[in-house]
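In: Just the structure for this:
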Amino acid sequence: MSEGTMQRRAQREQPERAKRLTRVLVCATAVPVLLAAAGCSSDSGSGGGGGKGASAPASASPSASPSPTVRAAAYQKLPEPCAVLSEKTLDDLAPKAKTGKEGSSDDVSTRGSCSWSSLDNNGVKGSQFRWLNVSLLRFDSNATRGPGDKLAQDYYDKQVRDAQSAEGAKNTASEPVTGTGDEATAVRYDLKKAEGAFKQQTVVARVENVVVTVDYNGAGLAGDKTPDADDLMKDAQKAAKEAVASVTEANGTGAASSPAASKSSSASASESASKASSKG
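Out: Now for the predicted structure:
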């Protein structure tokens, strides 16, 4: 090949080599830039630093606020209302009652009651009448209304106030009751009816999220003597203590007495009792 021919080929290939060199330089420069960009993106999503240019993914959204919680109620069921008292207690309080009469309930796990009526008829010597009723009300915890024991506390206070302000009641008096649930109050009063003079005793007790109310009254009819109010109150308190124990045992937690129950009374029980006034 002549010298002239080789010179012309070199002149033609020189621009092509220049172009290829330019492409290599551009690629060599671009690769570190891309790697650097990738590295920044990775660093911004981890650790606590984060570059100023880092931003949350477009799909991210604020976390939802946690739902309000309330402590669960301690007791989840009630005992059979007509079985909360022993046969001996029933024989003492309502000796002539054959069976208890269970009250209607749309949910036996939250509400129940049973009553016993006893008439000891002694003919011309008169008769002794006794009426006993036990009611049970259980409260579940609710995120809106609050914990079950607080709801039971409110209802307990209302039951005490209602007993203290019974229509037609005379000589009303109240006192705290010890050893019966977490708190208990006894209310007594006289009630005049067409049949005779009745001595009414009401014991309201709360154990955890359950309220137990015992109503017990007695009267001497057809000329028989009026029963002693103190004796009736002792019997009513005995019935209330048994009913509270039945509630506790039905929930598998042993004896009804708890540290709270061993106290002389709760503040609210004392307060309720102190508000009682005699009605002449």
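In: Low-confidence stretches in the stretch 51-200 of the chain?
Out: Applying pLDDT under 70 to the stretch 51-200 of the chain flags residues 51-68.
In: Helices along that one, start to end?
Out: 87-93, 148-164 (DSSP state H, counting those that start in this stretch).
In: which helices and strands does the shortest one pack with?
Out: Spelled out, that is helix 87-93. Other helices and strands packing on helix 87-93, by 3 or more C-beta pairs under 8 Å, 6 or more residues apart in numbering; DSSP states H and E, are strand 111-121, strand 127-138, helix 229-250. The C-beta positions use only the backbone N, C-alpha and C, and glycine is treated the same way.
In: Please work out which residues outside the longest one touch it.
Out: Okay, so that is helix 229-250. 75, 77-79, 83-86, 89, 92-93, 132, 134, 136, 177, 179-181, 184, 186, 188, 190, 199, 201-203, 205, 207, 210, 212, 214-218, 254-256 (C-beta atoms under 8 Å, 6 or more residues apart in numbering).
In: now do 6 Å
Out: Contacts to helix 229-250, defined as C-beta atoms under 6 Å, 6 or more residues apart in numbering, come from residues 77, 79, 84-85, 89, 93, 134, 177, 180-181, 188, 199, 201, 203, 205, 207, 210, 212, 214, 216, 218, 256.
In: do the shortest one as well
Out: Residues outside strand 111-121 that contact it (C-beta under 6 Å, 6+ apart) are 78, 81-82, 94-97, 100-103, 105, 127-137.
In: Could you look over the helices of the stretch 51-200 of the chain and pick the most buried one?
Out: Mean neighbour count (mean count of other C-beta atoms under 10 Å) peaks for helix 148-164 among those, with a mean of 20.
In: before we move on, back to that, taking the contacts of strand 111-121, please make a ChimeraX selection of just the buried ones.
Out: Of these, the buried ones can be selected in ChimeraX as follows, counting by 16 or more other C-beta atoms under 10 Å:
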select :78,81,82,94,97,100,103,127,128,129,130,131,132,133,134,135,136,137
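In: Tell me, how many residues neighbour residue 217?
Out: By the criterion of other C-beta atoms under 10 Å, residue 217 has 22 neighbours.
In: Ok, residue 225 next?
Out: 9.
In: Compute the inter-axis angle for the helix or strand harbouring residue 219 and helix 229-250.
Out: Element membership for residue 219 (DSSP states H and E) is strand 210-221. Interaxial angle of strand 210-221 relative to helix 229-250 (axes from the mean of the first three to the mean of the last three C-alpha atoms, to 10 degrees): 150 degrees.
In: Partner strands of strand 210-221 and their direction?
Out: Applying DSSP bridges, strand 210-221 is found paired with strand 127-138 (antiparallel), strand 196-207 (antiparallel).
In: tilt between the first one and helix 148-164?
Out: Angular relation of strand 127-138 and helix 148-164 on a 0 to 180 degree scale: 150 degrees, by the same axes, to 10 degrees.
In: now swap in the last one and tell me
Out: Here strand 196-207 points in a direction 170 degrees away from that of helix 148-164 (the same axes, to 10 degrees).
In: Make CSV out of the helices and strands packed on helix 87-93 and add distance to residue 194.
Out: As requested, the helices and strands packed on helix 87-93 are exported to CSV (distance: least, C-beta to C-beta, whole Å):
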stretch, distance to residue 194
strand 111-121, 16
strand 127-138, 13
helix 229-250, 20
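In: Distance of residue 115 relative to residue 85?
Out: Distance, residue 115 to residue 85, using C-beta to C-beta, to the nearest Å: 11 Å.
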